[in-house]
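Participant: here is my input, please return the structure:
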Amino acid sequence: MKKIIVGFDGFVDVLVKPIKEKGETTEYFDTIGNLGRYLVGQEGKSCSIEYDIFKRKHGGNAPLLSTAAAHLGMDTTCIGMMGYPSLDPVFAPLNFKKISYMPPGEATALEFNDGKVFLAPGLELKDPWERVNEAFAYEAEKAFQQADTIALVNWSEITFAKELWKNILNCLPDFNEKKEKHILFDLCDTTRKPKNEVDDILQLIGRFSKKGTTTLSLNENECLDVGKKIFDINDSKLIAKNIRSFFSIDEILVRSKRWVYIIAKDTECLKDTNHVEKPVISTGAGDNYNAAYCYGTAKGLTHEERIDFCNKFVHGYLSKGGY
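Facilitator: Reported below is the predicted structural model:
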């Protein structure tokens, strides 16, 4: 069974739906744009927005990706923020090996038919690698070296993520000829990050290409933001090609609601998704896509087969609200 290690965040998510009108029945703001237009209309005034809470659950990119990877049958270890010194009860039932080095963050997720809006604090920590290594009983380097797949996610919300990623880079041996170790990265929402920080993290990811096969997974919004900041272009496919060539990252995967694009060595593939118009849940769609991609890579699927598998897996997750 292929081993995957995922890090390093963790949140308790409160999933809510903002209320547009409430009478005998409740009408919700069904799109981000509808809520946005309402808020713009309140400019210069005050307003309050009521919401219905419909779930309190484990969250964070690392735990969500780990949950999906474990459901797919991978030997999954998540090193994240799931409680310290003891595990938070919301994470206890999860189906993967849990290694926690700090308490979880708290996030409110506004759910819409066309996406979600997360309200979450930034997170800081002194000497993060020491805390991570302590959580691994001082065998963190060995654990990352022995993993077949590593997934490093949520750079944008974890202020110390870059420091942790550098420690992993330094502990991994250089690749063999086949570049068998797979290392997936997901920056998450880059829009509040300045150009120099985006450039620095992409250069760091490129350096991982000496340690294994690297995949940078971006949603469409993140791709366009990186393209604007680094290349001053606005075409997702061209941005992906430029990121790959300029930063020496092996594979660039761009995900939108309607299509998926991947560019890799000798491979370029654009396919439609199995779009879900009204998902039961939208939180975690990208994390489930990344987990399915890691699984497909571990199983030796071609790039096109991976995308087909990811599309079907995520369609099931969104349309059924689970697995």
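Participant: tell me which helix or strand Glu222 sits in.
Facilitator: helix 220-226 (DSSP states H and E).
Participant: what sits up against that helix?
Facilitator: By CB atoms under 8 Å, 6 or more residues apart in numbering, the residues outside helix 220-226 that reach it are 187-191, 198, 202, 218, 234, 236, 239-240, 243, 254-257. The way it works is simple: take the backbone N, C-alpha and C, and place the C-beta from them, glycine included.
Participant: apply 7 Å and report the result again.
Facilitator: 187, 189-191, 198, 218, 234, 236, 239-240, 243, 254-256 (CB atoms under 7 Å, 6 or more residues apart in numbering).
Participant: now the closest residue to Tyr51 other than its chain neighbours: which helix or strand?
Facilitator: In space, and not counting its chain neighbours, Tyr51 is closest to Val16: 4.1 Å by CB to CB, 6 or more residues apart in numbering. Per DSSP H and E: Val16 is located in strand 11-22.
Participant: isn't Pro18 right up against Ile49?
Facilitator: Yes - counting by CB atoms under 7 Å, Pro18 touches Ile49, with 5.1 Å between them.
Participant: doesn't Lys98 lie inside a strand?
Facilitator: Yes - Lys98 forms part of a strand when assessed by DSSP: H, G, I helix; E, B strand; the rest coil.
Participant: show me the beta-bridge partners of it.
Facilitator: Cys78 (DSSP bridges).
Participant: give the contact list for it.
Facilitator: 78, 82, 87, 91.
Participant: now swap in Glu134 and tell me
Facilitator: Contacts of Glu134 by CB under 7 Å, 6+ apart: none found.
Participant: for it, give me phi and psi.
Facilitator: phi -60, psi -40 (degrees, to the nearest 10).
Participant: these two touch, right, Trp259 and Thr273?
Facilitator: Yes - at 6.2 Å, Trp259 and Thr273 qualify as touching, with contact defined as CB under 7 Å.
Participant: immediately after the helix holding Glu222, which helix or strand?
Facilitator: For helix 220-226, the following helix or strand on the C-terminal side (DSSP H and E) is helix 236-247.
Participant: pLDDT on that following helix, on average?
Facilitator: Mean pLDDT, helix 236-247: 98.
Participant: what of stretch 44-60?
Facilitator: Here the average pLDDT along stretch 44-60 is 89.
Participant: buried ones in it?
Facilitator: By neighbour count on 16 or more other CB atoms under 10 Å, the buried set for stretch 44-60 is 51, 57-60.
Participant: ditto for stretch 68-75
Facilitator: For stretch 68-75, by 16+ other CB under 10 Å, it's 68-72, 74-75.
Participant: and for stretch 13-33?
Facilitator: Quick answer for stretch 13-33 (16+ other CB under 10 Å): 13-18, 28-29.
Participant: start to end distance for that stretch?
Facilitator: 22 Å (CA to CA, to the nearest Å).
Participant: one step back: Trp259 and Thr273: which is more packed in?
Facilitator: More crowded of Trp259 and Thr273, by other CB atoms under 10 Å: Thr273, with 19 against 16.
Participant: with adjacent residues omitted, what lies nearest to the more buried one?
Facilitator: Closest to Thr273 by CB to CB, 6+ apart is Asn311, at 5.1 Å.
Participant: pull out the buried residues from the helix or strand hosting the one you found.
Facilitator: Per DSSP H and E: Asn311 is located in helix 303-320. Across helix 303-320, burial judged by 16+ other CB under 10 Å covers 303, 306-311, 313-315, 317-318.
Participant: residue contacts, Phe309?
Facilitator: By CB under 7 Å, 6+ apart, the contact list for Phe309 reads 292, 296, 301.
Participant: by neighbours, which of those wins?
Facilitator: Counting by other CB under 10 Å, top hit in these: Ala292 with 24 neighbours.
Participant: please name the residues that touch Leu169.
Facilitator: Counted by CB under 7 Å, 6+ apart, Leu169 has contacts 207-208, 211.
Participant: switch to 6 Å and redo it
Facilitator: Phe208 (CB atoms under 6 Å, 6 or more residues apart in numbering).
Participant: next: the one 4 residues further on.
Facilitator: The neighbourhood of Pro173, defined by CB under 6 Å, 6+ apart, contains no residues.
Participant: any idea how far it lies from Lys195?
Facilitator: 32 Å (CB to CB, to the nearest Å).
Participant: and stretch 250-269, what's buried?
Facilitator: Applying 16+ other CB under 10 Å to stretch 250-269 flags 250-257, 259-264, 269 as buried.
Participant: can you give me the strands for the stretch 51-200 of the chain?
Facilitator: For the stretch 51-200 of the chain, the strands defined by DSSP state E, counting those that start in this stretch occupy 51-59, 75-80, 97-100, 105-112, 115-119, 149-153, 182-186.
Participant: ok, back up a step: just flag the most distant two among the contacts of helix 220-226.
Facilitator: For those, the farthest-apart pair by CB to CB is Val198 and Ser256; their separation is 19.7 Å.
Participant: buried sites along the worst-scoring helix or strand of the chain on mean pLDDT?
Facilitator: When the helices and strands of the chain are scored by mean pLDDT, DSSP states H and E, strand 115-119 comes last with a mean of 85. Of the residues in strand 115-119, 115-116 count as buried by neighbour count, 16+ other CB under 10 Å.
Participant: if anything else comes up later, I'll come back, but that's it for now.
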